[in-house]
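Participant: Kindly return the folded structure for what I paste below:
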Amino acid sequence: MYTQPTLLTSALAIIAAVLYLFAGGRQLFQLEMTNQRADRSVTLLATLALMAHGYVALTLSEDSGWNLGFYRVSSLIFLVMSVTSLAILMIRPLHMLLIVMFPFAALSVLISTFAPATGQPLIGLDQGVLIHVSASLIAYAIIALASLQAIIVSVQSKRLRAHQFRGLIKLLPPLERMESMLWELTVAGVAILTLAIISGLLYVDDLFAQHLIHKTVLTAVSWLVFVAMLIAHWIRGLRINTAVILILTAFTLLTLGFFGSKLVLELLLQPN
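Facilitator: Reported below is the predicted structural model:
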């Protein structure tokens, strides 16, 4: 059942979206000015957007229970991605990720607030299941960031090989540093995904039930692809194009596990 958001929640959702867009635009302006350091105004705008987004997410959860439907999960994932990328920005130049991601974060907070909620609220989650859900969301968010970074690295590599240095390519850090940040994000995401899988095996009683079997299988296959890729990279190294293909393949499998059934059951087959 759709619950009308309060005036405060609605206002904060709009404010969060506007702040996300301003932060992304400000970051793009800073890059065009060849400033490779995180600007204080970007940090302030992004922090305010995250605070508003977080309040909206918590308020919607309190009103209808912990709803892990398609829109709410998407909003939570973009919230985690934004928090993570802003924190990493303090030590790594992941400016391009903010520019790409913040518009989607703005869209997600608006849709999760004003669109009818899908799925059923979860009530009475025990601590173990909460750990599993939290780890899963964080793992997916970081792996999504790694996938965005993989796409940027792939484009940068192709442009550099073709001696095309115009546009945003000239504003990016050196390719070697971009690749290093890609591996750091991937390792962090896979480590937390491993924790999510272990916590699921320990605390989720019906992990292999009919409604979860596809998620379990797809997540396991995705994890195996990631682990095999990392082992191959550590042993003999991988060409960056091969690594990008494997990362995006594993991320696609993980996305199908996270959102495949939600998209079909909650949106396409949802009764009117």
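Participant: from memory residue 83 sits against residue 49, does it?
Facilitator: No - counting by C-beta atoms under 8 Å, residue 83 stays clear of residue 49, with 10.5 Å between them. Where you see a C-beta, it was placed from the backbone N, CA and C, and this is true even at glycine.
Participant: In terms of neighbours, single out the busier of these two.
Facilitator: Set side by side, residue 83 and residue 49 show more neighbours around residue 49, with 27 against 17, by other C-beta atoms under 10 Å.
Participant: what's that one in contact with, if anything?
Facilitator: Contacts here follow C-beta atoms under 8 Å, 6 or more residues apart in numbering; on that basis residue 49 touches 15, 16, 17, 19, 20, 23, 82, 102, 105, 106.
Participant: closest to residue 232 among these?
Facilitator: residue 82 (31.4 Å; C-beta to C-beta).
Participant: What sits closest to that closest one if chain neighbours are left out?
Facilitator: residue 105 (5.1 Å; C-beta to C-beta, 6 or more residues apart in numbering).
Participant: From residue 134, how far out is that neighbour?
Facilitator: Distance, residue 105 to residue 134, by C-beta to C-beta, to the nearest Å: 19 Å.
Participant: So the two - more neighbours on which side?
Facilitator: Shown here are residue 105 and residue 134; by other C-beta under 10 Å, residue 105 has more neighbours (29 against 16).
Participant: In three-state terms, how would the more buried one be classified?
Facilitator: Three-state assignment for residue 105 (DSSP: H, G, I helix; E, B strand; the rest coil): helix.
Participant: In the protein, what residue spans correspond to strands?
Facilitator: 66-67, 121-122 (DSSP state E).
Participant: Worst mean pLDDT among those strands?
Facilitator: Mean pLDDT per stretch puts strand 121-122 lowest among the strands of the chain, at a mean of 56.
Participant: Quick check: closest non-adjacent residue to residue 18.
Facilitator: In space, residue 18 is closest to residue 106, 7.6 Å off (C-beta to C-beta, 6+ apart).
Participant: ok, now which ones touch the one you found?
Facilitator: Taking C-beta under 8 Å, 6+ apart as the test, what residue 106 contacts is 16, 17, 18, 20, 21, 49.
Participant: Equivalent analysis for residue 150, please.
Facilitator: Applying C-beta under 8 Å, 6+ apart, the residues near residue 150 are 182, 243, 244, 247, 248.
Participant: thinking the first one is in contact with residue 153, fair?
Facilitator: Yes - distance between residue 182 and residue 153: 5.4 Å, which falls inside the contact criterion (C-beta under 8 Å).
Participant: Residue 19: neighbouring residues, count only.
Facilitator: With other C-beta under 10 Å as criterion, residue 19 counts 23.
Participant: Quickly note the distance from the residue nearest to it when sequence neighbours are not counted to residue 80.
Facilitator: Nearest non-adjacent residue to residue 19, counting by C-beta to C-beta, 6+ apart: residue 49, 3.6 Å away. Residue 49 sits 14 Å away from residue 80, going by C-beta to C-beta.
Participant: shouldn't residue 138 be in contact with residue 193?
Facilitator: No - if you go by C-beta under 8 Å, residue 138 and residue 193 don't touch, sitting 9.0 Å apart.
Participant: hang on, residue 112 packs against residue 70?
Facilitator: No - look at residue 112 against residue 70 with C-beta under 8 Å: they stay out of range, at 9.3 Å.
Participant: quick one: contacts for residue 223?
Facilitator: 190, 193, 194, 197, 250.
Participant: let me redo that: residue 188
Facilitator: Applying C-beta under 8 Å, 6+ apart, the residues near residue 188 are residue 142.
Participant: what about the stretch 1-150 of the chain, any weak spots by pLDDT?
Facilitator: Within the stretch 1-150 of the chain, the set of residues satisfying pLDDT under 70 comprises 1-3, 32-39, 60-68, 117-125.
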